[in-house]
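*Asks:* Sequence first, predicted model second:
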Amino acid sequence: MAWLIGLLLQSLVQRQRTKAAAAAAVLTLLGLVCYVPALVGSEAGVTAGVGEEVPPVFKALKGKRVGVVIGSIQDMAVSGMAPDADILRMTSETDVLAALENGKVDVAVGESLMLNFCRELADKVDSVGAGLPSIPIGAIFRQGNTVLQQDFNSFLVDIRRDGTYQQIYDRWQQSADPSAMAIPKQRGTGRTLRVATYPAMPPFNFVNSGRLSGLEPALLTEWANRRNWRLEFLVMDFAAQIPAVQTGKADMAMGAISITEERQKQVLFSDGYIDSHIMFIMRKGEAAILTNLSPTDGVATGGSYWPWAASLLIIIIGGGAWLYVRRKRGASPVSGTFSPSAPEAPNDQTTTPNAQDEPLIRITDLKKSYGTLDVLRGITTDIHRGEVISVIGPSGTGKSTLLRALNLLDPPTGGSITVDGQDILTRGYPVNLLRRKMGMVFQSFNLFDHMTVLENVIFAPCQLLHQPQEKARREGMALLRKVGLAEKADARPSSLSGGQKQRVAIARALAMKPDAILFDEPTSALDPTMVGEVLSVIRGLVSEGMTMLIVTHEMKFAHDVSTRIFFMYDGYIHEDGSPEQIFESPVHSATKAFIQRIRKEVFEIGDNDFDFLGMHSTISAFCHKYGIGEKEETAHRLTDMMLNDVMAHCRPITVRITHSEQSLVTALDFMVEHMTVTPLTNAQRNALSAQCRHLVEEPTKRGFRVKLMI
């Protein structure tokens, strides 16, 4: 039904229209106007009296296209209470709202926080409450980490008692311009706390000038400052937060995570620090699609079928006349391609032949803003076939937004994007055609759990390309062999590891035979031990000449596989060059600062009751995360030698492992406070020197340090 309405409207606005075609289209639309209300009324009658425990608004979702963030409490609620809804699961609130704005969904499901804290959004949409109890939002911690959980709970009690919580809440809730608010400032100098977060709900949690800001970051910063801790924020999709905590990638997560019974089986929750309600959000003036339905509206009776018959008769006459006129003029009414200045192509996979040097993708002055917050500030570049471009830069500088804009998951607010010579931002460009040309792999997999691995891979080719099942299965198995998962074809995604799920997601993207693939931090949600298997698959695609854009924090990988590097900073491509230029001779100071950054993990060992097993696990994760797995065994051996032999009686002691992404030098520091001379004997010094590249012994302001370069 939707495609017919769209094609009819298109016939009215295209330049080559005739009066006959316009008249036929108007007649058919008149029939649809009469037919659709009758159909909706009948469906409302069918659902009446079913499931009395389900709030009425959920019943009204039947047949509606509903957008939710995958893995969210809204996803769970709609899946359980509106099984007849057409649910589209996306990776961020931004994607859901963009889908609503573009008409991809009829209803976006979010939290009341979105409307309470974002007045601009509240003014642009209509909303309806879900009729469910409020849901507390809390921070999460790994199972067993009750010390950190209880400390955070104690902090919440303190700030509520002394009024700090209310001050923070009022400051952000009443802000007219969140981007102008001062970004919470850290003052701590002690231990580093790694926090996974989801900054996609301004001003509750968002990125401002490359740094996290909002109510949640303000609460975290207040806690860290009171404890003299430092915070390291790990920005990721909503669904990646719990896995990041479970695998030890993050010490905790705080990104609009609702406390549910199912999640409490996986992680520890803090006490709730704010309550939220599930809300249904519609385009302005369209709230009636949920509020006007009642158990008695449109119940089908024996005398109510005449509107259907009359409407269908009008549709048949008008539609038939419209199709006749269109076909007589030689145009196909179901063509999938669009060109504002040329007739429609007979096959939606037909592309305009390119000159040899014409770019596959041309981006000109691309902009993306959220209210007053400018995320992309004017991106201009060309991408040619066969290029492998890694997009690097600090968190919050627009890397993922650039990919989502290219794939129209998050439509730009300015500029142009030309793919195969066609401007995809032109009104009427078929988005489904773009999806075939440009695949995308997300960090959170987004597989269908109720399907097997092979069914996940062949779903899109069968549904969108109408590929025969036998051919799709044959090609799907070939792709699974390519990613090393043929033996898992009949398994369910729930039985796979994170790395295996991501490889299935890559196979699924390849199944559509795209011209290019966009990778949005494909390894960020993985356990460090699984990163290598995914990167190996991507390396294989590089050797086959696949055009790829890869947002990544894996610097060594980016250096090894890329033909070009984009360094993004503050919404711009700050520097564009070869891996050798960017990593060895960067021009801009911001690029130099990023490339030369030092990665580190710090351990404060007070006594022999310290969690040494956890420390070794963190060192292993550090080595895998930064592509230095070959140094893992040496790091463990030297650490054991220093702590169990050389400095066995030196407590407290600070241990630090660091890695420079420019020099590729990894170092282990062992510092003992108030010590004035080296603890090494000649025999120990010789033994250590034989196992590391360089050894340094030096006094510091706090004590004495032994540094081992490996």
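*Replies:* Happy to help now that I have it.
*Asks:* CA atoms for contacts and neighbours, from now on please.
*Replies:* OK.
*Asks:* for the residue nearest to residue 392 when sequence neighbours are not counted, what are its contacts?
*Replies:* Leaving aside its sequence neighbours, residue 392 sits nearest to residue 567 (CA to CA, 6 or more residues apart in numbering; 5.0 Å). Applying CA atoms under 8 Å, 6 or more residues apart in numbering, we find residue 567 in contact with 391-393, 573-576, 591.
*Asks:* which one among those residues gets closest to residue 561?
*Replies:* Using CA to CA, residue 391 comes nearest to residue 561 of these, at 12.2 Å.
*Asks:* what's the neighbour count on the closest one?
*Replies:* Residue 391 has 27 neighbouring residues, counting by other CA atoms under 10 Å.
*Asks:* before we move on, the earlier item: what's across from the residue nearest to residue 392 in the sheet?
*Replies:* For residue 567, the beta-bridge partners under DSSP bridges are residue 392, residue 575.
*Asks:* So which of the contacts of residue 567 is surrounded by the most neighbours?
*Replies:* Most neighbours among the contacts of residue 567, by other CA under 10 Å: residue 391, with 27 neighbours.
*Asks:* Residue 574 versus that residue, what's the distance?
*Replies:* 11 Å (CA to CA, to the nearest Å).
*Asks:* How about residue 582: what's its closest non-neighbour residue?
*Replies:* residue 565 (6.9 Å).
*Asks:* residues contacting the one you found?
*Replies:* With CA under 8 Å, 6+ apart, residue 565 has these contacts: 389-392, 558, 575-579, 582.
*Asks:* Single out whichever of these has the smallest pLDDT.
*Replies:* Among the contacts of residue 565, residue 558 carries the lowest pLDDT, at 87.
*Asks:* ok, now which ones touch it?
*Replies:* 390, 552, 565, 579.
*Asks:* same thing with residue 71?
*Replies:* 238-239.
*Asks:* Now name the helix or strand holding it.
*Replies:* Here residue 71 is covered by no helix or strand, with elements defined by DSSP states H and E.
*Asks:* Find the residue at the geometric middle of the protein.
*Replies:* In the chain, the centroid-proximal residue (CA atoms, centre = their mean) is residue 237; its distance is 4.0 Å.
*Asks:* hey, where'd the strands end up in the stretch 551-700 of the chain?
*Replies:* 564-569, 572-577, 598-605, 653-660, 666-673, 694-699 (DSSP state E, counting those that start in this stretch).
*Asks:* from the chain's centre, how far out does the last one sit?
*Replies:* If I follow you right, that is strand 694-699. 44 Å (CA atoms, centre = their mean, to the nearest Å).
*Asks:* before we move on, what about the fourth one?
*Replies:* A distance of 31 Å separates the centroid of the chain from that of strand 653-660, by CA atoms, centre = their mean.
*Asks:* Check the gap between residue 451 and residue 458 for me.
*Replies:* 10 Å.
*Asks:* more crowded one of those two?
*Replies:* residue 458 (24 against 15).
*Asks:* Spit out the contact partners of residue 538.
*Replies:* Not one residue lies near residue 538 by CA under 8 Å, 6+ apart.
*Asks:* In terms of helices and strands, where is it?
*Replies:* Secondary structure (DSSP H and E) places residue 538 in helix 531-543.
*Asks:* Of all the residues in that helix, which ones are buried?
*Replies:* By neighbour count on 16 or more other CA atoms under 10 Å, the buried set for helix 531-543 is 531-535, 537-538, 541-542.
*Asks:* I'd assumed residue 383 was in contact with residue 364.
*Replies:* No: under the criterion of CA atoms under 8 Å, residue 364 is not in contact with residue 383, lying 11.5 Å apart.
*Asks:* Looking at these two, which one has more neighbours?
*Replies:* In this view residue 364 and residue 383 are compared by other CA under 10 Å, and residue 383 has more residues nearby, 20 against 16.
*Asks:* ranges for the strands of the stretch 401-550 of the chain?
*Replies:* Remark: strands assigned in the stretch 401-550 of the chain by DSSP E, counting those that start in this stretch are 414-419, 422-423, 438-441, 516-520, 547-551.
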